[in-house]
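Student: pasting the structure only:
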């Protein structure tokens, strides 16, 4: 029997997935069905690019619906504690320092939220607890100095502040 992977989610992450699922089921699915219906009206389906595109879009939508339903079924929503330990759901302010951090242009103070892998979005300052930086900071406290591996070498990180996400 295959082992089921547990999906670590914040409360916000779970709500976002539920909203996306609702949108896909109630709106997007119907829009795609209309595109297929319209494309069928153009005649011969064997050479109908609109029909092929709509069927491909339908497959993508259904795959995403299945993926979200699976993630929600096996989701573990983390309860964020009020302690001063870095855990999923906390916002962490760190200082990247050392030669490697400077060479990579990431030296200085940065703020990010530690999240589950499925919620990670570096552009939104959401880092997975499984990423090198997230793993290095996870379960640490203010003042801790940790090392995160990067392609260019080890990056030194000092944890400056920890707070619950709002």
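Tutor: Cool, got the structure. Just so we're clear, the structure is a prediction, and the values are computed from it rather than from any experiment. Numbering: from 1, shown residues only.

Student: ok, the lengthiest strand in the chain: who's next to it in the sheet?
Tutor: If you go by DSSP state E, the chain has its longest strand at strand 153-164. Sheet pairing of strand 153-164 (DSSP bridges) gives strand 90-97 (antiparallel), strand 145-150 (antiparallel).

Student: Which parts of the chain belong to which domain?
Tutor: Domain ranges of the chain: 7-77, 90-164, per automatic domain parsing.

Student: Mean neighbour count, those: which tops it?
Tutor: Among those, the stretch with the highest mean neighbour count (mean count of other CB atoms under 10 Å) is domain 90-164, at a mean of 17. Using the backbone N, CA and C atoms, a C-beta is placed for each residue, glycine as well.

Student: before we move on, back to that, who wins for proximity to residue 84 among the domains of the chain?
Tutor: For residue 84, the closest of the domains of the chain is domain 90-164, at 5.3 Å, according to CB to CB.

Student: State the mean pLDDT of that closest one.
Tutor: Averaging pLDDT along domain 90-164 gives 93.

Student: Can you give the distance of that domain from its chain's centre?
Tutor: In this view, domain 90-164 has its centroid 16 Å away from the chain centroid, taken as CA atoms, centre = their mean, to the nearest Å.
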